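how would this look folded up:
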Amino acid sequence: MSDTATRYERSDFQSDQEVRWCPGCGDYTILASVQTFLSTLDIDRDKHVFVSGIGCSSRFPYYMATYGIHSVHGRAPAIASGLASANPDLKVWVITGDGDALSIGGNHLIHSMRRNLNLNILLFNNQIYGLTKGQYSPTSEVGKRTKSSPMGSIDYPFNPISLALGAEATFVARTIDMDRPHTARMLQAAFEHRGSSLIEIYQNCNVFNDKAFIQLTGREERDENRIMLEEGEPILFGPDNAMGVVMDGGVARIVAVADVGLEAIYVHDPSNPNPAAAFALSRLSHGPLGPTPIGVFRSVERETYGEAMQQQLIASQATQGPGDIDSLLRSTGTWTVE
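Predicted coordinates:
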């Protein structure tokens, strides 16, 4: 490995593996966005590690010319937590999907965020199980007809942003696969954040759940439904910014600006230590139906798990020495079987 930063091109992050997703899959766009973003950093590519679980998105590490681990279903955050804790110099990325992260991997996800490990978590949300050919997922809407719910899903779906905020994640954002400039901004903000960051990426599965996000991506609908969150700016959206968001008793409501006046519109503050306002914004939509916030919901500073662990190790070594693994294994609590 080299300790000297090198300027890269996107091609330097493209592995020699053939990219194999369905033609038209949103994963291609996300892959290109991440590779392009990493090429702008003056960081040796050997410092990056991509850890994935199981699912369509989890093929990601094969296509990155970095270190990578294609791990066990739902366990990517656990493996990434170990990497980030053992080697703080690494830039650890978790690649996961709505099924991988929010079903079997739910506990691993929330605890990695709660602990504020230094991880960048990219959650590809296509609201379907794509790898296993079209079953409803933890984010599929109620009534969704799939191979595993032929009469319509009766499960109430997760809101990944609300879940992350409830787990006290220190950085939470949302973007859309096809909006590469916005995705690049979210990647930059997440990467610069100290601690756990989660970006929910609305990702189109054109085979099993096509146009799930059409209200946010369609030319005729997107201007009316994208609520772009910008720090320090009043939350306005729609043609001519005629619509806005107000906070009413801790609840976010959509109003016509002409009815309440510009001074009543909520000014977005993702750095607020209290996540209540961010949570209220996350409840404006449940799934990409109607006006939906896009951008950074929360970005606050808190000591990371790795920093606290290193402080304990330094304190322990100062009083007890560097330690010896052989002595530890042969200490009290051992016995001999003859």
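
mind listing what P288 touches?
202, 212-213, 215-216, 225 (C-beta atoms under 8 Å, 6 or more residues apart in numbering). In short, each C-beta sits where N, CA and C put it, glycine included.

want to throw those residues into CSV with neighbour count?
Below are the contacts of P288 laid out as CSV (neighbours: other C-beta atoms under 10 Å):
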residue, neighbour count
Y202, 23
A212, 25
F213, 26
Q215, 20
L216, 23
N225, 21
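
Just the closest of those residues to L83, please.
Comparing those against L83 with C-beta to C-beta places Y202 closest, at 27.4 Å.

Is it correct that that closest one is in contact with D98?
No - taking C-beta atoms under 8 Å as the definition, Y202 is not a contact partner of D98, at 10.2 Å.

Name the residues contacting each of those two.
Taking C-beta under 8 Å, 6+ apart as the contact rule, Y202 and D98 both touch 125-126.

one step back: could you take the contacts of P288 and lay them out as a markdown table, with extra columns for pLDDT, distance to I30 and secondary structure?
Shown next, in a markdown table, are the contacts of P288 (pLDDT from 0 to 100; distance: C-beta to C-beta, whole Å; DSSP: H, G, I helix; E, B strand; the rest coil):
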| residue | pLDDT | distance to I30 | secondary structure |
| --- | --- | --- | --- |
| Y202 | 97 | 10 | strand |
| A212 | 94 | 15 | coil |
| F213 | 95 | 13 | coil |
| Q215 | 94 | 20 | helix |
| L216 | 95 | 15 | helix |
| N225 | 96 | 21 | helix |
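
so which two of those are the farthest from each other?
When the contacts of P288 are compared pair by pair using C-beta to C-beta, the maximum separation belongs to A212 and N225, at 13.3 Å.

Restricting to C-alpha, output stretch 120-137 in PDB.
Listed in PDB are the C-alpha atoms of stretch 120-137, where the atom choice follows Å, rounded to 0.1, in the frame of the first residue of the first chain:
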ATOM      1  CA  ASN A 120     -20.600   5.300   5.400                       C
ATOM      2  CA  ILE A 121     -23.800   3.300   4.900                       C
ATOM      3  CA  LEU A 122     -25.500   3.400   1.400                       C
ATOM      4  CA  LEU A 123     -29.000   1.900   1.600                       C
ATOM      5  CA  PHE A 124     -30.300   1.100  -1.900                       C
ATOM      6  CA  ASN A 125     -34.100   1.200  -1.500                       C
ATOM      7  CA  ASN A 126     -36.000  -0.300  -4.400                       C
ATOM      8  CA  GLN A 127     -39.000  -1.400  -2.300                       C
ATOM      9  CA  ILE A 128     -38.700  -5.000  -3.500                       C
ATOM     10  CA  TYR A 129     -36.600  -8.200  -3.200                       C
ATOM     11  CA  GLY A 130     -35.000  -8.200  -6.700                       C
ATOM     12  CA  LEU A 131     -32.300 -10.900  -6.400                       C
ATOM     13  CA  THR A 132     -35.000 -13.500  -5.500                       C
ATOM     14  CA  LYS A 133     -37.200 -12.300  -8.300                       C
ATOM     15  CA  GLY A 134     -39.800 -10.000  -6.900                       C
ATOM     16  CA  GLN A 135     -41.100 -10.500  -3.400                       C
ATOM     17  CA  TYR A 136     -42.400  -7.700  -1.200                       C
ATOM     18  CA  SER A 137     -39.700  -6.100   1.100                       C
END
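
I'd like the numbering to begin with 523 instead of 1 from here.
OK, 523 is where the count begins now, so the last one is stretch 642-659.
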